[in-house]
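> 3D model of this:
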Amino acid sequence: MFSIDRLRALAAVAAHGSIAQAARTLHLTPSGVSQQLAKLEREAGHPLLQPHGRSVRLTHAGRVLAAHADRLIAQLAAAQADLADLDDEVLGPLRIGGVGSAVRALLPDALAALAAAHPRLVPTVVDGEAVELLPRLVDGGLDLLLVESWAPRPLAVPEGVALRTLVSEEVYVALSERHPLADRAGLDLTARTDLDPLAATAWACCPPGTEAYEALVQALRTHGVEPDVRYVLADHFTQLTLVASNLTACLTPAAARRPAPPGVRFLPVRPALRRDIRVAWSTRAESPPVRACLAALAAAPGTAHGAGGTG
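Below you'll find the predicted structure:
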């Protein structure tokens, strides 16, 4: 009989292509994952992995067993959802992840509403970027995510993940009030008079691979400018402190403009840049706690459906 934990380890290696990445997804050490796979190989009676450069790849037997593992894990998630639906009671753990500015803007009101309506619900929250957190949602390590999708680079999600837009907001270029362009009413990315000073400006942005970083690169590269990203910072407020000192510029969504240090100007951009904040969840593991949180987020102030919401 194959252990479900060992099958999860094999499925994670198949999905992510390395033992190290599988270990991060499963919150195990690489040696722990290797031990699980070694035991699974003995149980299967076939080699499941083979060296591939500095990493590994699945053998034919490994691919066959990984396909079965995916189906078994999906069936187990469905069984857990069915059991949770038996009485439709909202209780127990709810594991939430999200990008920091979205968590700050939307989650406090939703969590307060959940605490009042469902006192036996136990939410936990971790922040991070979609590129890091989506694999945890797919693998069952998280129940629900707040992610961002920037207009120049819409967020792609794996099959089986549903998305709902909560907020759609304008994105501004943040400049020091001492910057040569700071007195403009807005910036036109099609005009050389605006593009040339931006090309000579250093930029701060979230790490490469994140939606924010790729949106910045694509927005400027479309108009022939390669941004000089010198400051890689996940937190928008930290980016704005460097902007205030006239060291850099950054892209700032409307929700992340407050609080802002003195001396920062936020300029709208043409063509307009926008960011959507979306909630993501696995359709195979949609439990009563997940549905309750979706309803609370939809009703929260500032969302598309909540009081005072914006389209």
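
> could you show me where the helices are in the stretch 101-250 of the chain, in order?
In the stretch 101-250 of the chain, the segments counted as helices under DSSP state H, counting those that start in this stretch are 130-138, 192-199, 211-221, 236-244.

> Looking at those helices, spot the one closest to residue 93.
Set against residue 93 and scored by C-beta to C-beta, the helices of the stretch 101-250 of the chain come closest in helix 130-138, at 14.1 Å. C-beta here means a position set from N, CA and C on the backbone, and glycine is covered the same way.

> The closest one - contacts with which helices or strands?
Here helix 130-138 touches helix 4-16, strand 92-98, strand 144-150, strand 161-176, strand 273-282, going by 3 or more C-beta pairs under 8 Å, 6 or more residues apart in numbering; DSSP states H and E.

> pLDDT on the fourth one, on average?
It stands for strand 161-176. Per-residue pLDDT over strand 161-176 has a mean of 95.

> Can you list the buried residues in it?
The neighbour-count check on strand 161-176 (16 or more other C-beta atoms under 10 Å) flags 161, 166, 167, 168, 169, 170, 171, 172, 173, 174, 175, 176 as buried.

> before we move on, back to that, including distance to residue 80, could the helices and strands packed on helix 130-138 go into a markdown table?
Converted to a markdown table, the helices and strands packed on helix 130-138 look like this (distance: least, C-beta to C-beta, whole Å):
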| stretch | distance to residue 80 |
| --- | --- |
| helix 4-16 | 12 |
| strand 92-98 | 11 |
| strand 144-150 | 15 |
| strand 161-176 | 17 |
| strand 273-282 | 11 |
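
> Quick one: closest of these to residue 215.
It is, among the helices and strands packed on helix 130-138 and with distance given as C-beta to C-beta, strand 144-150, at 3.5 Å.

> contacts for the closest one?
For strand 144-150, contacts defined as C-beta atoms under 8 Å, 6 or more residues apart in numbering pick out 94-99, 101-103, 106-107, 130, 133-134, 137, 155, 163, 166, 171, 211-212, 214-215, 253, 273-281, 290, 293-294, 297.

> what's the lengthiest helix in the chain packed up against?
Taking DSSP state H as the criterion, the chain has its longest helix at helix 60-84. For helix 60-84, the packing partners by 3+ C-beta pairs under 8 Å, 6+ apart come out as helix 4-16, helix 30-44.

> Can you tell me which of these is most buried?
Scoring the helices and strands packed on helix 60-84 by mean neighbour count under mean count of other C-beta atoms under 10 Å gives helix 4-16 as the most buried, with a mean of 21.

> which residues are in contact with it?
19, 21-22, 25-26, 28, 33, 36-37, 39-40, 43, 48-49, 56, 58, 62-63, 65-66, 68-70, 72-73, 76, 135, 138-139.

> about what we covered before: out of the contacts of strand 144-150, which end up buried?
Taking 16+ other C-beta under 10 Å as the criterion, what is buried in the contacts of strand 144-150 is 94-99, 101-103, 106-107, 130, 133-134, 137, 155, 166, 171, 211-212, 214-215, 253, 273-281, 290, 293-294, 297.
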